[in-house]
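# Prediction below, plus the sequence it came from.
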Amino acid sequence: MTSYDIPYWKKYTLSIEEAASYFRIGEGKLHKLVMRKSSNAEYLLWNGNRVQIKRERFERFVDTLSAI
């Protein structure tokens, strides 16, 4: 079996753990952002009850902030 490890910067969506590592934001803070924005945020993709973060859209969201 071959492993296909895709680097974070090439992935379309990231898990909370991957996003925390990529953006250097704590997992707890990301969980709070997800719950505060609920399912209305354009950077969230829900797979059942599991959330994925759309990397490029979240990058644009973070670029508009001065503090998290």
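The structure has been received and is ready for your questions.
# Need the contact partners of the worst-scoring helix or strand of the chain on mean pLDDT.
Sorted by mean pLDDT, DSSP states H and E, the helices and strands of the chain end with helix 27-37, the least confident at a mean of 86. For helix 27-37, the external contacting residues (CB atoms under 8 Å, 6 or more residues apart in numbering) are 16-17, 19-20, 23, 41, 44, 51, 53, 68. For glycine as for every other residue, the C-beta is placed from the backbone atoms N, C-alpha and C.
# From the residues you listed, which land in strands?
44, 51, 53 (DSSP state E).
# follow-up on the earlier one: quick one: which of the contacts of helix 27-37 sit in helices?
Among the contacts of helix 27-37, the members falling in helices are 16-17, 19-20, 23 (criterion: DSSP state H).
# Of the residues you listed - the most surrounded one?
Ala19 (25 neighbours; other CB atoms under 10 Å).
# Could you export the ones in helices among the contacts of helix 27-37 as a markdown table, including pLDDT and distance to Phe58?
Converted to a markdown table, the ones in helices among the contacts of helix 27-37 look like this (pLDDT from 0 to 100; distance: CB to CB, whole Å):
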| residue | pLDDT | distance to Phe58 |
| --- | --- | --- |
| Ile16 | 94 | 11 |
| Glu17 | 95 | 14 |
| Ala19 | 95 | 7 |
| Ala20 | 95 | 12 |
| Phe23 | 94 | 7 |
